[in-house]
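model this:
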Amino acid sequence: IVVEPFPGRCYPDELYTHSGIELSENLLDCDVLLGVKEVPIGQLIPGKAYFFFSHTIKEQAYNRNLLRAILEKNIKLVDYEVLTDEQGKRLIAFGRFAGMVGAHNGILAFGRRTGKFSLKRMKDCLDYADAKMIYQQLSLPPIKVVLTGTGRVGRGADAVLHDMGIRKVSPQEFLEEVFTEAVYTQLDPRHYAARKDGKAFNKNDFYQHPENYKSIFEPFYRVADVMINGIYWDKKAPAFFTKEEMRRDDFNIQVIADVTCDIAPVSSIPSTLRPSTIADPIYGYDPETEAETLPYQHHAIDVMAIDNLPNELPRDASKAFGRQFITYILPELLKEHSPMIERATVAENGKLGRYFQYLEGYVKGEEVRQGI
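Sure thing, here's the model as predicted:
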């Protein structure tokens, strides 16, 4: 094992040295390179095997050149996002931590926007246990928060909202009742999508044929103050709302924490114009001009779209990632042939992997189908 030195990690280089692990800037002798985020094109080493989140498998236009470079350099790319067991369950995921930080940042942004309360940044907490101590002192006004998604991201966000002392209510109560305290509701697809032909909602059908569904999210955007978006979105699925709807007088949402972070126009949230950063987490979206503006203005909607949210909880996320990798992936690496790794191999020997032939048009530069 060789570790590339880096000054910005939550665990400093000295800890690796003290554990007897070699630090080296030269990785040419390494056969397998493990990262997390996308590797800059200029740093890709030809002929190597890489593991990282490539953000290419949904045909993300901004990473098209990355996949092209991987193919040109005969690199084997294994994408963590599609490392699954035989039932299709993901084995490596930061979703829970993304949801936790995303929910925290959404509430924090609302506090900054309104001036009614303040909240310490998650990145400035030692770990989540430290954040929970802060939540015990938090006093929130009567705000209404709508959380979409019930997977890892949704569960992480749900845990934070609960730990903040925000009361969870049913979707029906959320829409119909007036509250004198902070409340939130958590939606699954049947609450925000319906078949276009009027037939009954079926979750399996929705996941298999999202193009047959339309959004029914309108009642929620008319009453919610904050939206936390934690779904996995298929580009054939409907967006929650349109840019035109965001101009309506009854569009009440003031802060959108878009953990999903698909970039418009191919996105579930049309105001997610770009990713934001941990250093500069919030930007404004002006519904009238459909353009970015400064945050915390009364005429704009505040957008939190950090695409590396777990970095704000680095110690917790690193420990969880390490446990997952050692338990599920490391044994597969030692096998002569691993069906699991084959299923997640996006590219190898200059060609797209067996399960990723659908990306051929994307690599060639053909138009990516936009959401409906």
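
so is Y232 in a helix, a strand, or just coil?
Per DSSP: H, G, I helix; E, B strand; the rest coil, the secondary structure class of Y232 is coil.

and it, what pLDDT?
Looking at Y232, its pLDDT stands at 92.

For the closest residue to it other than its chain neighbours, give its distance to A98.
Ranked by Cβ to Cβ, 6 or more residues apart in numbering and with sequence neighbours excluded, the top spatial neighbour of Y232 is G151, at 6.5 Å. (Glycine included, C-beta is placed from N, CA and C.) Distance of G151 to A98, given as Cβ to Cβ, to the nearest Å: 11 Å.

rewinding a little: wait, the residue nearest to Y232 sits on Y207?
No - G151 lies out of contact with Y207 (Cβ atoms under 8 Å); the separation is 11.7 Å.

for this protein, what are the low-confidence residue spans?
367-372 (pLDDT under 70).

Let me see the ranges of the helices in it.
Using DSSP state H, the helices of the chain run over residues 13-18, 64-72, 95-114, 128-135, 152-163, 171-176, 189-192, 203-208, 218-221, 314-324, 330-333, 339-343, 360-364.

related to what we said a few turns ago, give the burial count for the residue nearest to Y232, as a bare number.
Per other Cβ atoms under 10 Å, the neighbour tally for G151 reads 16.

Just list the residues touching it, thanks.
Contact analysis of G151 by Cβ atoms under 8 Å, 6 or more residues apart in numbering lists 95, 230-232.

buried ones in stretch 150-162?
151-161 (16 or more other Cβ atoms under 10 Å).

Sorry, slip of the keys, the one I care about is stretch 57-71.
By 16+ other Cβ under 10 Å, the buried positions in stretch 57-71 come out as 57-60, 63-64, 66-71.

Kindly indicate which of those residues lies nearest F201.
The shortest approach to F201 among the buried residues of stretch 57-71 belongs to K58, at 23.8 Å (Cβ to Cβ).

Quick check: neighbours shared by G151 and A98?
With Cβ under 8 Å, 6+ apart, G151 and A98 have common neighbours G230.

I'd say L175 and V223 touch.
Yes - using Cβ under 8 Å, L175 makes contact with V223 at a distance of 6.1 Å.

ok, now which ones touch the nearest residue to A98 once chain neighbours are set aside?
Counting by Cβ to Cβ, 6+ apart, A98 lies nearest to L309, which is 4.2 Å off, once chain neighbours are set aside. The contact partners of L309, taken as Cβ under 8 Å, 6+ apart, are 94, 97-98, 101-102, 105, 259.

same thing but at 10 Å, please
94-95, 97-105, 122-123, 153, 156, 257, 259, 261, 278, 281, 317 (Cβ atoms under 10 Å, 6 or more residues apart in numbering).
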